[in-house]
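**Q** predicted model, plus sequence, below.
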Amino acid sequence: MEWNDRFMAIFTEMVTRFHTQEPVDGEQFVLPHEREALASIGYTPQEMYGYVEDYARLGDPSPGTILLIAAARRSFFLTVQRGMGGAAQLRETDLPRPEESLQDISYLPRIIRKAEAKLYGTLPSSVMFYCAHDRAFLRTHGGIHPADFLYVVWGAHGDRQKVISYVLRMMKSQKERDDANSEE
């Protein structure tokens, strides 16, 4: 079975379990064989649990989006990190505050740092990449797909200006689409 099929089977099983069992934290919720499969792509039980919980309760993010986010993390884990995690987890206080901004775009420093930490597998267990705030930010700032954002952050190699330029381009494109649609 390919990694993506195994990932989706685990996700589906966990969503079913979420609806039929009393939810607990991610570490206790994930079964040993699931934990092993997730570790092989650089995922932690808590990461997966966060997506399962949001999908089971809210229907968002979609399973396809969750898979694409996992694909970005897996690619980074296998190519850049050569299948070896090991970097120290960030503390939640290490992340920029939500109200911080870059080029007058609030929340941008936080989501960039969260994306970097997602790629490196260093997000604290209390923080999820593509949480409700991230979803709102990306949707309203250019309709950016979270996996695309991860790849842009990866390709920027720490150059914040490249990420800012991408977000500004996407915002401009979204405005142009919105303007064209309003003229119809």
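**A** Looks like it arrived, so ask away.
**Q** surely L102 touches K162?
**A** No: here L102 does not reach K162: they are 11.9 Å apart, not a contact under CB atoms under 8 Å. Where you see a C-beta, it was placed from the backbone N, CA and C, and this is true even at glycine.
**Q** what is the least confident helix or strand in the protein?
**A** helix 26-29 (a mean of 79; mean pLDDT, DSSP states H and E).
**Q** coming back round to it: same drill for L102 and K162, tell me which one is more crowded.
**A** L102 (17 against 14; other CB atoms under 10 Å).
**Q** ramachandran coordinates for that one?
**A** When quoted as degrees, to the nearest 10, the phi and psi of L102 stand at phi -130, psi 130.
**Q** ok, the one 3 residues further on next?
**A** The phi and psi values for I105, taken as degrees, to the nearest 10, are phi -110, psi 100.
**Q** that one: neighbour count?
**A** Residues lying near I105 (other CB under 10 Å) number 16.
**Q** once you drop chain neighbours, what's closest to the residue positioned nearest the centre of the chain?
**A** Centroid check for the chain by CA atoms, centre = their mean gives F129 as the closest residue, at 3.6 Å. Of all residues not flanking F129 in the chain, K118 sits nearest, at 3.9 Å (CB to CB, 6 or more residues apart in numbering).
**Q** same check, this time on F18
**A** Among residues not flanking F18 along the chain, A56 sits closest, at 4.4 Å (CB to CB, 6+ apart).
**Q** for T20, see how far away that neighbour is.
**A** For A56, the distance to T20 (CB to CB, to the nearest Å) stands at 11 Å.
**Q** fine by me, we can end here.
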